[in-house]
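>>> What follows is a predicted structure for the sequence shown.
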Amino acid sequence: MKGFSVRLLLFYLSSGIAILSALSVIFASRPTRALLSLIVTMFCLSVLYLLLGAPFIAMVHLIVYAGAVLVLFLFVIMLQGIGAADTPFFARFQKSHLFTGSLAVILLLAGLLTVLKKIVPVQSTEVDGSIQTIGRLLFHEYLVPFELTSFLLLLGVLAAVSLVKGEE
Amino acid sequence: MVPAGHYLIVSGILFAIGLLGLLTRRNILLILLSIELMLNAANLAFIAGSALHGDARGQITAFFVMVIAAAEVTVGLAITVLLFRMKNSVDTRDIGSLKG
């Protein structure tokens, strides 16, 4: 019973912080602040992954996002020198898109909640997300997609280098 | 144990927040960050589905989504750097040369 309540507390705490920091990504006045809020969201998401029984994915998520992707973003923001500039509140948004954007989001949320109402009472089952299980699945059943993703990453690197270098 | 449906609701809310940012922000970098947020919300939904069915294959899908997100970020940031070099701005209003 005690373990149950700790899990519940961790779930509400980390999902609450994740949603709040996601909101601050959208409404942030400076790109650097938005980026740091997104890092907070990523940490909370990896706590949620751990609670869902996916320790391998949680750790890979931390390494790939907090360690690599967001640092790359930070480098680009610093290089452009726009990270420290404050933008006034209404200059952050495209005013003509504000109404349609929020309408689309409200419709999406309403639709999602009506669909998810049926799923909520279903109890989740224990899933084995250990490195052994993931590795066995990845290198037996999903070997071809796995190799294709390495090819995709190589293509991404080549595309980035040729885009930025090709101008000179 | 917390039912997996609660995680799905959190994922839906995060996806909606990301969509709002994608549709309304003017800074290209923030649009890319919103796309990252949406991809991660989808990942949370995959892993919640994996817990709902007791099947580890959902986690494999989340792993692939992560790899594709990393590839997308490298290309997207390269394009942002190029645009900044050409226009000296990251505002979507200044990038209208494709408009007829």
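Alright, I've got the coordinates. Model, not experiment: these values are computed from the prediction.
>>> Stretch A:85-101 near chain B at all?
Yes: counting by C-beta under 8 Å from any C-beta of the partner chain, chain B is contacted by stretch A:85-101 at A:Thr87, A:Ala91, A:Arg92, A:Phe93, A:Gln94, A:His97, A:Leu98, A:Thr100, A:Gly101. To be clear about C-beta, it is placed using only N, CA and C from the backbone, and glycine gets the same treatment.
>>> Farthest pair within those residues?
Farthest pair in those (C-beta to C-beta) is A:Thr87 and A:Thr100. Separation: 21.4 Å.
>>> neighbour count winner among these two?
Using other C-beta atoms under 10 Å in any protein chain shown as the criterion, A:Thr87 and A:Thr100 rank with A:Thr87 on top: 16 against 12.
>>> Contacts only, for the more buried one.
Going by C-beta atoms under 8 Å, 6 or more residues apart in numbering or on different chains, A:Thr87 touches A:Ser29, A:Arg30, B:Asn27.
>>> Same check on A:Phe27?
Residues in contact with A:Phe27, defined by C-beta under 8 Å, 6+ apart, are A:Arg92.
>>> if we can go back for a sec, which of the contacts of A:Thr87 count as buried?
Among the contacts of A:Thr87, those classed as buried by 16 or more other C-beta atoms under 10 Å in any protein chain shown are A:Arg30, B:Asn27.
>>> residues in contact with B:Ala51?
Going by C-beta under 8 Å, 6+ apart, B:Ala51 touches A:Leu52, A:Gly53, A:Ala54, A:Ser124, A:Thr125, A:Val127, B:Ala4, B:Tyr7, B:Gly58.
>>> What separation is there between the third one and chain B?
Relative to chain B, A:Ala54 is positioned 5 Å away (criterion: C-beta to the nearest C-beta, to the nearest Å).
>>> I'm done for today, thanks for sticking with me.
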